[in-house]
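Trainee: got a structure for you, letters missing:
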């Protein structure tokens, strides 16, 4: 029906021939023609025909094959404009899938923006940062607009023109003007396709101050009242040709197109004069209608800002059948967004008349409409979580209309509620806040309530400011009388939340304190203060606030979700799993809950469960970058590197300009020793964001591993210059200084890191440094300090045990490891740090002669699967000492060739030992010959005379204890028994550990098999060593 009505109205369009011709001619010109215009501006007073002309221009564009979209004041904010463009294009067969996808992500992210900081790492090596999804919520235009531009360029190849029309610019200009300038003129968001034409229409146009440099590129269509010939043409088209009536219409209408059209439909006769100009205007609009019921219906339908059949039934009680269709045929009623609305000029006059003549009727009709909208709003919100209501387009539109009618019915009484709505909407959705502010402004104008008008106008100005204007809105609410106590408290909390986003945590906490002084029972104030405290680093106080918020709103999903990262920062992963279980039970589609649970399951050693949770999160949000990054870490911990990097590559494909993702992938390369790739990717992160401190630090680490020490030092220096309180960078710069021999500089950096870091991680690193240079007392003291700070991780345990071991307190060290050993259900492969734990205990067990325990530990896993060369060597040695030569050989298979190529002496010696004790003499001799030929010449004794022994001399000369064992072994090989026995006695007298004695016994047995060596003479010496070995084993038996 509405389409038929619209056709009839459009068919009667007359006038504006010059404008139509110019626009039509513009579409006949190629974009590179200097006469072609890219932007038109239609402007003029109310009723002059701007919207009608805009509609006709859209028809011309469609006829020329253009893809068109028309927007008006029904959209609130640029994201809604983008959604409306995409929807209208889709109807015409040109979908914008990438834009739709990004808009969907935006709608999700804006719900999470207030807690976007809370994706922390419990790992002390973590470098905190924010992903692109947070920028999408906080700065949507920077993310969404380039996607629109890209999509327009894609479809422009298949369309002659793309034509965008923006009506009622006096209402939309405040939030569209700066964006449109950047979209069309500056190239800030990319280059629009050349076949794009934009047309604006409104009483007010682009801001001259803002558009000054581009004014010459805007074609102006200033609309004046019709010329007399144009007015006569329209009257003739309407069937009014009697000269007297024509002259009267021309006089009364002042040739304003809207009034000409309305008066042309009167059945004839002059309109009498009246004392009230408003009454006169209304009488002109309705003079032709003789039915009193219909006249009253037309007046009643001026009350709602938008009309549809349901609203009509509430506004016009006892309306006859077909009455709504009749109303829609009136010349001052136009189709708009699935409904209808009066022209502003007509509606304003009708409202003014009814408010002045019948104020109680005025209030009653608005109250009835408010009540109806309230019912519809409640119905629309049924089944929607309370925290999601403002994000539902239908619900918030109904709430805005309800608010408008409440304000019109009782301006002063409803003002406080309206301001509360604006503040609440600012927390959730800026488009909703704009709709509430617009309701205030419109109600003020329509009800003649200046206070409402001022509030509405100033709120709209504030909301159209930079970054959405939330801080300006909060300031406005707090600096003027009108808001009640709870609204002022909410405004303080809102200001605190925005200050938290800007990194001003102390000010944010102060604002929340002021809010709590006004409203101590506000869950959201406790929530906001908790967020600020967590961002400041006071996680204990933050958790207390969020728990109080939960007590006030027990099942609020957002509060529950925001507790979990804080619990993770405190290491309470079991509580995180339980909390996420609650969230998932309340809302199974909360991707963040699945992802947070996955992170904590991983921390608890449940990689299978973690992967399942991350898979679920990504099934809900396929482009959830944080979940992709986290899942990649789980894969990496399992050694599934292909899958790990596949996730990171996918994330980078989704957001190639993300410095955060470049840094994540660079760190992943670094952690698997792919240092060249790490340097490139972390360098890319630094190029994308030059002040990205953590990327510089990670790059410094990779450069140091590549031996590019000067570049590494420069990278660390840059990271610390950017963030002076950066423990991770300080600790690793200290390591580099130590490697370069600057021990004083190393401890200066470590001391500084300890002073900054409150977690105890830097103290552990300093303890390790002290241990490394033999400062065992200082190392033990630092370990104690770390334990006092609550650290109890495996690394600290390994460190303490290692220090005790090096102090000769081996039994204490082993006892310590036994007491704190991982639970049986934990698999070493899940946590690489446990590998160090096993390695340390194996080493200690070998020192004490506890070979069965060492063997049991070595059997727990296949060290080759861990890509840990140290564990391969240690496990192979355990198997050799246990006589399990086949297993030792299996571990070492293929390693000899790598060792020879890389001149890896420890592996080469182990391969020789494995072959020799197993009697594989050809292999042992070949390896020994290689070692002789490649050894440091100082290590090869030139005086060796026993040719059969000679291939083995490099082994002993290159052994770590060559000054004792090597000389002794060479003396035995030559038959110099007295000298050899003296050296052996000295070794036995000062050796109290099982492993060197066991190794010495093995070497002597190998020597005994060499041609020319007298076994009968050597056998007693072997027994003597074995007896000493077994005595140590008995002394430390469990």
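Mentor: Yep, that arrived. All figures in this text were calculated on a predicted structure; none of them were measured in a lab.

Trainee: tell me the strands in the protein, going along the chain?
Mentor: Remark: strands assigned in the chain by DSSP state E are 39-43, 66-71, 161-166, 196-202, 218-222, 333-336, 339-342.

Trainee: relative to strand 39-43, how tilted is the longest one?
Mentor: Here strand 196-202 runs at 10 degrees with respect to strand 39-43, directions being taken by axes from the mean of the first three to the mean of the last three C-alpha atoms, to 10 degrees.

Trainee: just checking: what are the partner strands of strand 196-202?
Mentor: strand 39-43 (parallel), strand 161-166 (parallel) (DSSP bridges).

Trainee: out of the strands of the chain, nearest to residue 525?
Mentor: Comparison of the strands of the chain against residue 525 by C-beta to C-beta identifies strand 66-71 as nearest, at 37.3 Å. Where C-beta positions appear, they are placed from N, C-alpha and C, glycine not excepted.

Trainee: and that closest one, what does it pack onto?
Mentor: Packing contacts for strand 66-71, counted by 3 or more C-beta pairs under 8 Å, 6 or more residues apart in numbering; DSSP states H and E, involve helix 50-63, helix 78-91, strand 161-166.

Trainee: residues making contact with the first one?
Mentor: With C-beta atoms under 8 Å, 6 or more residues apart in numbering as the contact definition, helix 50-63 has outside contacts at 10, 13, 16, 19-20, 23-24, 27, 40, 42-44, 68, 70, 161, 163, 165, 167-168, 197, 199, 201-203, 221, 223, 257, 334.

Trainee: buried ones among those?
Mentor: Among the contacts of helix 50-63, those scoring as buried are 13, 16, 19-20, 23, 27, 40, 42-44, 68, 70, 161, 163, 165, 167-168, 197, 199, 201-203, 221, 223, 257, 334 (criterion: 16 or more other C-beta atoms under 10 Å).

Trainee: picking up where we left off before, make CSV out of the helices and strands packed on strand 66-71 and add distance to residue 629 and mean pLDDT.
Mentor: CSV is the format used below for those (distance: least, C-beta to C-beta, whole Å; pLDDT from 0 to 100):
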stretch, distance to residue 629, mean pLDDT
helix 50-63, 45, 89
helix 78-91, 26, 90
strand 161-166, 37, 93
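
Trainee: right, and those - which one's nearest residue 990?
Mentor: Taking the helices and strands packed on strand 66-71 one by one with C-beta to C-beta, helix 78-91 is closest: 78.4 Å.

Trainee: buried ones in that closest one?
Mentor: 78, 79, 80, 81, 82, 83, 84, 85, 86, 88, 89.

Trainee: what of stretch 695-706?
Mentor: For stretch 695-706, the neighbour count (16+ other C-beta under 10 Å) marks 695, 696, 697, 698, 699, 700, 701, 702, 703, 704 as buried.

Trainee: how about the nearest residue to residue 505 once chain neighbours are set aside, what does it touch?
Mentor: In this structure, residue 505 finds its nearest non-sequential neighbour in residue 536, 4.0 Å apart by C-beta to C-beta, 6 or more residues apart in numbering. The contact partners of residue 536, by C-beta under 8 Å, 6+ apart, come to 505, 506, 509.

Trainee: let's go with 10 Å and repeat that
Mentor: Applying C-beta atoms under 10 Å, 6 or more residues apart in numbering, one finds that residue 536 lies in contact with 500, 503, 505, 506, 508, 509, 542.

Trainee: buried residues of stretch 742-753, list them for me.
Mentor: Judged by neighbour count using 16+ other C-beta under 10 Å, the buried positions of stretch 742-753 are 746, 747, 749, 750, 752, 753.

Trainee: distance to residue 400 and pLDDT added to the buried residues of stretch 695-706, as a markdown table?
Mentor: Shown next, in a markdown table, are the buried residues of stretch 695-706 (distance: C-beta to C-beta, whole Å; pLDDT from 0 to 100):
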| residue | distance to residue 400 | pLDDT |
| --- | --- | --- |
| 695 | 45 | 96 |
| 696 | 48 | 97 |
| 697 | 49 | 96 |
| 698 | 49 | 96 |
| 699 | 51 | 97 |
| 700 | 54 | 97 |
| 701 | 54 | 96 |
| 702 | 54 | 96 |
| 703 | 57 | 96 |
| 704 | 59 | 95 |
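
Trainee: next step: the residues you listed restricted to helices.
Mentor: 695, 696, 697, 698, 699, 700, 701, 702, 703, 704 (DSSP state H).

Trainee: which residues touch the fourth one?
Mentor: To tie it back to what came earlier, the one meant is residue 698. Listed by C-beta under 10 Å, 6+ apart, the contact set of residue 698 reads 125, 127, 663-664, 666-667, 669-671, 678-679, 681-682, 685-686, 692, 715, 719, 728-729, 732.

Trainee: chain neighbours aside, what residue packs nearest to residue 22?
Mentor: Nearest in space to residue 22, with sequence neighbours left out and distances taken as C-beta to C-beta, 6+ apart, is residue 219 at 7.3 Å.

Trainee: I'd say that neighbour and residue 43 touch.
Mentor: No - look at residue 219 against residue 43 with C-beta atoms under 10 Å: they stay out of range, at 11.7 Å.

Trainee: rewinding a little: as JSON lines, the buried residues of stretch 742-753 with distance to residue 395 and pLDDT would be great.
Mentor: Formatted as JSON lines, the buried residues of stretch 742-753 follow (distance: C-beta to C-beta, whole Å; pLDDT from 0 to 100):
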{"residue": "746", "distance to residue 395": "61", "pLDDT": "96"}
{"residue": "747", "distance to residue 395": "62", "pLDDT": "95"}
{"residue": "749", "distance to residue 395": "56", "pLDDT": "95"}
{"residue": "750", "distance to residue 395": "57", "pLDDT": "95"}
{"residue": "752", "distance to residue 395": "54", "pLDDT": "96"}
{"residue": "753", "distance to residue 395": "52", "pLDDT": "94"}
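
Trainee: ok, the residues you listed vs residue 801, which is closest?
Mentor: residue 750 (21.4 Å).

Trainee: quick one, what contacts that closest one?
Mentor: Contacts of residue 750 by C-beta under 10 Å, 6+ apart are 727, 730-731, 733-735, 737-738, 762-763, 765-770, 782.

Trainee: one more pass at 6 Å, please.
Mentor: 734, 766, 769 (C-beta atoms under 6 Å, 6 or more residues apart in numbering).

Trainee: just residue 838 next, same as before
Mentor: Residue 838 makes contacts with residue 857, as judged by C-beta under 6 Å, 6+ apart.

Trainee: so for residue 859, which of the helices and strands packed on strand 66-71 sits nearest?
Mentor: Closest among those, using C-beta to C-beta: helix 78-91, at 59.8 Å.

Trainee: related to what we said a few turns ago, what's the most distant pair in the buried residues of stretch 695-706?
Mentor: Using C-beta to C-beta, these span at most 15.1 Å, a distance reached by 695 and 704.

Trainee: circling back to that earlier point, cross the buried residues of stretch 742-753 against helices and list the overlap.
Mentor: 746, 747, 749, 750, 752, 753.

Trainee: return the member of those nearest to residue 366.
Mentor: Nearest member of those to residue 366, counting by C-beta to C-beta, is residue 753, at 66.1 Å.

Trainee: ok, the closest one touching residue 761?
Mentor: No - Residue 753 lies out of contact with residue 761 (C-beta atoms under 6 Å); the separation is 8.7 Å.

Trainee: can I assume the residue nearest to residue 22 is in contact with residue 35?
Mentor: No - using C-beta under 6 Å, residue 219 is not in contact with residue 35, being 10.3 Å away.

Trainee: neighbour-wise, which of those two wins?
Mentor: A direct count of neighbours by other C-beta atoms under 10 Å for residue 219 and residue 35 places residue 219 higher, at 18 against 8.

Trainee: test of understanding: give the bridge partners of that one.
Mentor: Counting by DSSP bridges, residue 219 forms beta bridges with residue 40.

Trainee: now residue 220. Nearest residue, chain neighbours left out?
Mentor: Spatial nearest neighbour of residue 220, chain neighbours left out: residue 41 (5.3 Å); criterion: C-beta to C-beta, 6+ apart.

Trainee: what about that neighbour, neighbour count?
Mentor: Residue 41, neighbours per other C-beta under 10 Å, totals 20.
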